[in-house]
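Peer 1: Model the structure of this input:
(one chain, ligands or ions: 1)
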Amino acid sequence: MYILGINAYHGNASAAIVADGRLLAAVEEERFNRVKYAAGFPSAAIRYCLDAAGITLREVDHIAIPRNPWARLGTKLLYSLRMPSFAAERIKVMGRFAGIPEALAKAFDVSPGEIRAQYHRVEHHQAHLASAFFVSPFDQAALLSADGLGDFASTMWGAGQGNRMHIDGSIAFPHSLGMYYTAVSQYLGFRKFGDEYKVMGLAAYGEPAYMNEFRHIVRNTRGIGFRLGLKYFKHHRTGPEMTWRDAEKTPVLGAMFSNYMAERLGPARDPAAPVEKAHRDGAATLQARLEEVLFQMLRALHARTGQNAVCLAGGVAFNCLANGKIFDKTPFKQIFVQPAAGDAGLAVGAAYFVHHQILGRPRSFVMENAYWGPGYSHAQIATAVAASRLQGEGLEISELHEKVIAQEAAKEIAAGRIVGWFQGRAEWGPRALGNRSIVADPRRPDMKDILNARIKHREMFRPFAPSILAESTGEYFEKSYPCPFMTQAYSVRLEKREEIPAPTHVDGTGRLQTVTQEANPRYWGLIREFANLTGVPVVLNTSFNDNEPIVCRPEEAIECFLRTKMDALVLGDVLIRRPSEPVEAPRWTGE
Ligand SMILES: [Fe+2]
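Peer 2: The predicted structure is shown next:
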């Protein structure tokens, strides 16, 4: 039985396919159309999922759509009466969703009547919760979803047991932790969709100097809940929906903070102006207040459910700083965050919601790795290399055995050279986890600057992440609870901070990926070889891209390699080396 999940006409459009309870494929449309956070209809992602399953659209039994226009209808109607522009927008959105069968039929050149699948509508946050719980390793867990807005709610919680979830409560628009984070990020001069990550990185450079004010911006309520101080915001007056200037383009958000925020905290930062102490402190306070509210909610959720484990989803679940402190600040002992915790993950969540909650099928699948996207055969890689501009560039191109390639790449990394590492199936979710990664030496204090100057061109305050052999986690980090999808940041042990300075953030944390041999044998092998050479079982890992969606096809990896100043590129069994000046030995000599 095949279930196709489709997140369409929403940021991070995506698709996923589940066969008899087993996830076969899941991917974001942005990986194909190369538009970051692409919205629109994910026809390329759906096509890939069907190909991966080896079926046609006609063979799909159920289609799960993570949007329910009937959810919170009363509240929506109330807003429609107050804001005619909002009513017009709702009608447009409902029309687009009602048109999904036609859009599908058109994209796959069949008549709507030939699609025999049954359609299911799954409420946004129920799909989020399902995406976290039904693929988690837990038979029972507390569940929390928090994001900007979906189906007119921002937050939902409950508990899961076996193949059922029970919803306990939710928070409706306009109160939203995601919108709080976005609005303050905008106020701090970070206006683009997805900029919240940058502000989270910046937070480590400031002090939470404005807590009193921020406790008015987000107020606690009793139990599981919070309210926004609406004076500081304007999204409740201007309308809740983000707009897409063009369905295929990156989403665009209007300003969500009000003049009152600027009156209270000082003028908003112009995006072109320098980041000063007040902005760093603003970012630190934003983060500290989010954590305060989130932990209070989680403690209340724990008290209500009595569960040891918690599954988190929604955009707020990408807050790795907060996630890393859950074991210290709440009684929860276990955590699971799916790699695509944001809206892309809705495709997986909706599909599993149908499988378990609607069809009542038993649990049979745990998402133990993130590699659900396209993979390419050796022949496809060889063809891409042969057809590329790599030929005639004076590069050394060799085909090597898996073990030798790991050894050679480890030598390159230990020598301070930057390696593009492309192998296997693409990662699901926004993190590169060793299949579409750029890998470098974590021991070099200057490696962050080198990477930024040569490839990534990021703001200096954004950290790079460490990948560590799972078995060595406790040696380097103060916690050793597995973190296979880079969803938690843990403190690096004090005595190890000088040893791995490049992926250690200024606050001493690292947003780590714990790598097991089972989940990713090749990447594990690379880190193992690096440890054999250097004694350090850690590499610096950043996504294989340069201000674009993460590369998907070998052709894109080759183009990115040629465009940037990477020193070597591994494409499956092919190693490509660029001759370059010898690099100084690392300054750290801690053996
Ligand atoms: Fe969401």
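Peer 1: Relative to G315, how far out is the residue of the chain found nearest the ion?
Peer 2: Residue of the chain nearest the ion, by C-beta to the ion: D147 (3.7 Å). (Each C-beta comes from the backbone N, C-alpha and C, glycine too.) Distance of D147 to G315, computed by C-beta to C-beta, to the nearest Å: 4 Å.
Peer 1: where does the residue of the chain closest to the ion fall, phi/psi-wise?
Peer 2: Phi and psi for D147, reported as degrees, to the nearest 10, are phi -150, psi -160.
Peer 1: Let me know whether it touches N319 as I believe.
Peer 2: No - between D147 and N319 there is no contact under C-beta atoms under 8 Å: 11.0 Å.
Peer 1: Per-residue pLDDT of the residue of the chain closest to the ion, please?
Peer 2: Looking at D147, its pLDDT stands at 95.
Peer 1: give me the number of residues near it?
Peer 2: Residues near D147, counting by other C-beta atoms under 10 Å, number 26.
Peer 1: hang on, the earlier thing: which neighbours do D147 and G315 have in common?
Peer 2: Here D147 and G315 share the contacting residues G178, G342, D343, scored by C-beta atoms under 8 Å, 6 or more residues apart in numbering.
Peer 1: Throw these into TSV and include neighbour count and pLDDT, thanks.
Peer 2: TSV is the format used below for the shared contacts of D147 and G315 (neighbours: other C-beta atoms under 10 Å; pLDDT from 0 to 100):
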residue	neighbour count	pLDDT
G178	21	95
G342	28	96
D343	28	96
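Peer 1: and the ion, which of those reach it?
Peer 2: By C-beta under 5 Å from the ion, the members of these lying near the ion are D343.
Peer 1: And the shared contacts of D147 and G315, which is closest to R96?
Peer 2: For these, the minimum distance to R96 (C-beta to C-beta) is 15.6 Å, reached by D343.
Peer 1: which ones are touching the closest one?
Peer 2: Here D343 is in contact with N7, H10, G11, N12, S14, D147, G150, G315 (C-beta under 8 Å, 6+ apart).
Peer 1: try it again with 7 Å
Peer 2: N7, H10, G11, N12 (C-beta atoms under 7 Å, 6 or more residues apart in numbering).
Peer 1: Packing partners of the longest helix anywhere in the chain?
Peer 2: Longest helix of the chain, by residue count under DSSP state H: helix 277-305. On a contact count with 3 or more C-beta pairs under 7 Å, 6 or more residues apart in numbering; DSSP states H and E, helix 277-305 meets strand 140-150, helix 177-187, helix 196-202, helix 211-217, strand 218-220, helix 320-329.
Peer 1: which bits of this protein sit near the ion?
Peer 2: D147, G150, D343.
Peer 1: Can you tell me how far the last one is from T155?
Peer 2: Distance, D343 to T155, using C-beta to C-beta: 15 Å.
Peer 1: And A16, by the same measure?
Peer 2: Distance from A16 to T155, by C-beta to C-beta: 24 Å.
Peer 1: okay, those two: which has more neighbours?
Peer 2: Set A16 next to T155 and count neighbours by other C-beta under 10 Å: A16 wins out with 31 against 25.
Peer 1: Next, the contact list for that one, please.
Peer 2: G5, L23, A25, A26, C49, A347, V348, A351.
Peer 1: could these be laid out in CSV, adding pLDDT, secondary structure and neighbour count?
Peer 2: Converted to CSV, the contacts of A16 look like this (pLDDT from 0 to 100; DSSP: H, G, I helix; E, B strand; the rest coil; neighbours: other C-beta atoms under 10 Å):
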residue, pLDDT, secondary structure, neighbour count
G5, 98, strand, 34
L23, 98, strand, 20
A25, 98, strand, 22
A26, 98, strand, 32
C49, 98, helix, 29
A347, 98, helix, 35
V348, 98, helix, 33
A351, 98, helix, 33
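Peer 1: quick check, nearest of the residues you listed to L395?
Peer 2: L395 lies nearest to A25 out of the contacts of A16, by C-beta to C-beta, at 32.9 Å.
Peer 1: Report how many residues lie close to the closest residue to the closest one other than its chain neighbours.
Peer 2: Of all residues beyond its chain neighbours, the one nearest A25 is A52 (3.7 Å), with distances taken as C-beta to C-beta, 6 or more residues apart in numbering. If you count neighbours by other C-beta under 10 Å, A52 ends up with 19.
Peer 1: With K565 instead?
Peer 2: So K565, with other C-beta under 10 Å, has 13 neighbours.
Peer 1: ok, now which ones touch the residue nearest the centre of the chain?
Peer 2: For the chain, the residue nearest the mean C-alpha position is P430 (3.7 Å; C-alpha atoms, centre = their mean). Neighbour list for P430: empty [criterion: C-beta under 7 Å, 6+ apart].
Peer 1: circling back: compare the contacts of D343 and tell me which has the most neighbours.
Peer 2: Top of the contacts of D343 by neighbour count (other C-beta under 10 Å): N7, with 32 neighbours.
Peer 1: What's opposite it in the beta bridge?
Peer 2: Residues in a beta bridge with N7, per DSSP bridges, are S14.
Peer 1: and it, what is it in contact with?
Peer 2: A13, S14, P42, P66, D343, A344, L346, A347.
Peer 1: again, only using 10 Å
Peer 2: 13-16, 28-29, 39, 42, 45, 64-67, 124, 127, 340, 342-350 (C-beta atoms under 10 Å, 6 or more residues apart in numbering).
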